[in-house]
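Asker: sequence plus predicted model, see below.
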Amino acid sequence: KAVVSTQSTGTQVADKIYCCRSGSAADTQAIADYVKFYLDLQENETNEDPTVEVASRIFQMLCYNNRDQLSASIICAGWDKARGGQVYCLPLGGMCVRMPFAIGGSGSTYIYGHCDNTYKEGMTEEQCLKFVADAVALAMHRDGSSGGMIRLAVLTKDGCRRLNIPGNQLPTFWSK
């Protein structure tokens with residue numbers, strides 16, 4: 001599963017569940033804080049790790065019920081023992097859809113065709129990392145609001161592993 005985000009480096013809401021946020025920073029941070037609170041409550045009451053689907057549904061409830069007051073688009077991704085790796089896309093308005101990959105943020109409009117053409121089901125971790133890095137680099141090239149380096153996160157049953165690609169090592173396509 002893959003998340004291509006030019007929006008954020010990921011906000012942790014549970015041990016193996018993160019979200020990428022775009023829209024109003026204040027709105028999306030408040031929503032992520034509420035989701036983290038509810039997931040912590042659930043974990044304490046059940047002594048079980050929360051599922052990615054439950055986290056996504058809490059995001060959905062908060063975004064949908066407050067859709068007229070919020071500017072929030074969320075990608076919720078993670079790993080749980082019930083379904084393994086998962087990605088949920090929550091665009092403005094609060095719809096929640098499980099996807100094989102999701103893209104978001106200001107640079108995402110530039111890379112839909114690339115992602116649709118390049119993503120393949122069953123990619124290895126290495127192929128997935130290249131897919132995400134290439135997509136973010138392409139978005140960054142066209143979008144002045146999309147950072148100067150790429151931060152990647154790999155979510156597995158073992159937790160989160162973070163990788164960074166500095167600006168001077170970004171994939172390039174236009175100079176070849």
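Answerer: Cool, got the structure.

Asker: pLDDT weak spots in the protein?
Answerer: For the chain, the stretches flagged by pLDDT under 70 are 1-9, 146, 174-176.

Asker: in it, which helix has the most residues?
Answerer: Among the segments of the chain that qualify as a helix by DSSP state H, the longest is helix 25-46.

Asker: which SSE is immediately downstream of that helix?
Answerer: For helix 25-46, the following helix or strand on the C-terminal side (DSSP states H and E) is helix 52-65.

Asker: mind listing the strands for the protein?
Answerer: Taking DSSP state E as the test, the strands found in the chain are 2-5, 11-14, 17-23, 72-80, 84-90, 97-99, 101-104, 150-156, 159-165.

Asker: next one: the last one to chain centre, how far?
Answerer: Relative to its chain's centre, strand 159-165 lies at 13 Å (Cα atoms, centre = their mean, to the nearest Å).

Asker: select, out of the strands of the chain, the one closest to residue 112.
Answerer: Nearest to residue 112 among the strands of the chain is strand 101-104; the distance by Cβ to Cβ comes to 6.9 Å. From N, CA and C alone the C-beta is placed, and that goes for glycine too.

Asker: name every strand pairing with the closest one and say which way it goes.
Answerer: Paired strands of strand 101-104, with direction, are strand 2-5 (parallel) (DSSP bridges).

Asker: list the contacts of residue 169.
Answerer: Contacts of residue 169 were listed using Cβ atoms under 8 Å, 6 or more residues apart in numbering, and none were found.

Asker: so which bits of stretch 83-92 are buried?
Answerer: For stretch 83-92, the neighbour count (16 or more other Cβ atoms under 10 Å) marks 85-91 as buried.

Asker: should've said stretch 95-104
Answerer: 96, 101-104.

Asker: residue 42 contacts residue 50, doesn't it?
Answerer: Yes: at 5.4 Å, residue 42 and residue 50 qualify as touching, with contact defined as Cβ atoms under 8 Å.

Asker: looking at the two, which one has more neighbours?
Answerer: The neighbour comparison of residue 42 against residue 50 (other Cβ atoms under 10 Å) goes to residue 50, with 24 against 17.

Asker: report how many residues lie close to the closest residue to that one other than its chain neighbours.
Answerer: Closest residue to residue 50 apart from its sequence neighbours, by Cβ to Cβ, 6 or more residues apart in numbering: residue 39 at 4.4 Å. Residue neighbour count, defined by other Cβ under 10 Å, stands at 20 for residue 39.
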